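Student: A predicted structure for the sequence below; I have some questions about it.
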2 protein chains.
Amino acid sequence: MDFKGLYEKKRIMINNYLDDIIKVENAPDVIVSAMKYSLFAGGKRIRPVLSLSVCEGLGGNPERVLPLACCIELIHTYSLIHDDLPSMDNDDMRRGKPTNHKVYGEAIAVLAGDALLNYAYEFILKTISDNNFESKYTLAGQIIGKAAGSTGMIGGQVIDIQNEGKNMSLEELIHMHSKKTGALIEAACAIGGIVADKMDKLDDIKDYSHNLGIAFQIVDDILDCTGDANKLGKKTGRDEARGKSTFVKILGVNESRKLAIEYSNRALNLANMIDKTGFLGEFTEFLLNREN
Amino acid sequence: MDFKGLYEKKRIMINNYLDDIIKVENAPDVIVSAMKYSLFAGGKRIRPVLSLSVCEGLGGNPERVLPLACCIELIHTYSLIHDDLPSMDNDDMRRGKPTNHKVYGEAIAVLAGDALLNYAYEFILKTISDNNFESKYTLAGQIIGKAAGSTGMIGGQVIDIQNEGKNMSLEELIHMHSKKTGALIEAACAIGGIVADKMDKLDDIKDYSHNLGIAFQIVDDILDCTGDANKLGKKTGRDEARGKSTFVKILGVNESRKLAIEYSNRALNLANMIDKTGFLGEFTEFLLNREN
């Protein structure tokens, strides 16, 4: 399998679609510019790639899930803009570029995040409409909404903030990340199954994506500690500087790596059951071995 | 007509419903507390009251539009929390209480706003589901999405920020407010018509709500300049202090008052065509003559 080629093809498909839908008319130029700045800052498009791959792996047409998959990327992007704000993680650089508020100022950055979040749902509702109000698109939208909200991603972010400077247990850390990072990854995978009409696979998909999400976050923590700042496009050691609990802080680098492999292997087994073409499995390994 | 009694009945109906749906399970306590703090800070519930009144006035069952009407109130509340942030209007008081970030800190205030916006759409999607995926609920949701986004309310907020310290023309000011304040008021009225299945009335409803929205904002500007800070629950003169253009700055108090009456009268004529019971007309006059 030409994994790199297939991944690149999916990324291009996603980027083209995002580029298409972000041409918002009748909005002030600066807000569209700020939205696009972060949306096209070179993200890996992990979440929408997962949606497409799960859908295709289960025999569905990936183009059918593409609009909703791109909405998840809009939501992910808004969350990064708000996370980077001075009142939150106060980050100056992301993906090798100044963060949104460094370029546009804090007020526009808050509003660009708001606008991306709002637009995601505008577009989910449009997708329901475009698909003749077929119920599965609403159900997929509900899953995205729950994952992004205060019981999911926002809830995880709150737990993160509340625990700065405190020592979290491994269990607490996993719980936090299963919301902060995991929830949206799980939703991305779930909507692939729903649009492919494979409701009976949702349990497997959940198991897969839960394990993937934790593996992904452990790798993130390792990279923040040992990674190459140039490859990462941001300063390393930020978590420690902010007094955040990390897998590396609790377990050390070697044990963290072992735990990441453990979670990733569990995900890998499930990936190959969901997607017989093998792409999802390769993608799972790619995420484990990434350098940024 | 016992206007006050009817208004109070609608407010209670809205407050009870909001109280019911905001019981978010599995979310950190602090975020639910921050969401509720601003949601139950004593708002007039103007937007959802408009939805109920237009729906009922056109022969629809107001209970059918109540869920979506309350989602508009969630969106309105998030916008106030973010508007009050130090990087935006930097307001310490609203409705006689410290603003959200003064109580919960800036990070939680950003997230509480995000969570309210996200929850509004979670609940719109749930409402579509609960109503058997009937198309009109999706269409109403789309109208809300457009009104709240970068072509509507957020766009207006951006124009507002970009024009601080500049002298806007009357025309520019009306354009800005038709987005910042008007868009959500217009959406609130439109969904009343949609849920009542009166698509043929949407033009009248748009005319009504556009005029009402401008009248509403002119009165706001007058109150910020001449109002009683105790009744308003916030400092007066804030617009001037921030170098914002206002109707009062451009026209003076007397001419502003005349203009408000002009817009309100146009709205009043349409109100009485939409709602033969007369409530919408009385509500329109109430908003013109309010002291907070």
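Tutor: Done, it's in. Numbers count the residues shown, from 1 in each chain, chains lettered A, B, ... in the order given.

Student: For residue A:93, grab phi and psi.
Tutor: The phi/psi pair for residue A:93 (degrees, to the nearest 10) reads phi -130, psi 140.

Student: Tell me how far it lies from residue A:236.
Tutor: 11 Å (C-beta to C-beta, to the nearest Å). C-betas here are computed from N, CA, C, even on glycine.

Student: Show me the shaky parts of chain A.
Tutor: Low-confidence segments of chain A (pLDDT under 70): none present.

Student: Might you report the residue contacts of the spatially most central residue of it?
Tutor: By C-alpha atoms, centre = their mean, chain A has its centre lying nearest to residue A:47, at 4.8 Å. For residue A:47, the contact set (C-beta atoms under 8 Å, 6 or more residues apart in numbering or on different chains) comprises A:69, A:72-73, A:76, A:184-185, A:188.

Student: Then residue A:117?
Tutor: A:74-75, A:78, A:148, B:114, B:117-118.

Student: So which of those residues is the closest to residue B:159?
Tutor: For the contacts of residue A:117, the residue nearest residue B:159 by C-beta to C-beta is residue B:117; the value is 19.7 Å.

Student: State the distance from the closest one to residue A:112.
Tutor: According to C-beta to C-beta, residue B:117 stands 14 Å off from residue A:112.

Student: Where do the strands of chain A begin and end?
Tutor: Assigned strands in chain A, in chain order: A:93-94, A:97-98 (criterion: DSSP state E).

Student: winner for burial among those strands?
Tutor: Sort the strands of chain A by mean neighbour count, taking mean count of other C-beta atoms under 10 Å in any protein chain shown, and strand A:93-94 sits at the top with a mean of 19.

Student: Now do that one: distance to the chain's middle.
Tutor: 16 Å (C-alpha atoms, centre = their mean, to the nearest Å).

Student: Residues in contact with it: which ones?
Tutor: Under C-beta under 8 Å, 6+ apart, the answer for strand A:93-94 is A:41, A:80, A:84, A:99, A:233-235.

Student: For residue A:156, list the residues it contacts.
Tutor: Per C-beta under 8 Å, 6+ apart, neighbours of residue A:156: A:176-183.

Student: before we move on, the earlier item: just the buried members of the contacts of strand A:93-94?
Tutor: Among these, the ones that count as buried by 16 or more other C-beta atoms under 10 Å in any protein chain shown are A:41, A:80, A:84, A:99, A:234.

Student: of all the contacts of residue A:156, which comes closest to chain B?
Tutor: residue A:179 (9.0 Å; C-beta to the nearest C-beta).

Student: if we can go back for a sec, between the contacts of residue A:117, which sits nearest residue A:229?
Tutor: Closest to residue A:229, out of all of these and judged by C-beta to C-beta, is residue A:78, at 25.1 Å.

Student: Correct me if wrong: that closest one contacts residue A:116.
Tutor: Yes: between residue A:78 and residue A:116 there is a contact under C-beta atoms under 8 Å: 3.8 Å.

Student: picking up where we left off before, got a markdown table for the strands of chain A, with distance to residue B:196 too?
Tutor: Shown next, in a markdown table, are the strands of chain A (distance: least, C-beta to C-beta, whole Å):
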| stretch | distance to residue B:196 |
| --- | --- |
| strand A:93-94 | 47 |
| strand A:97-98 | 49 |
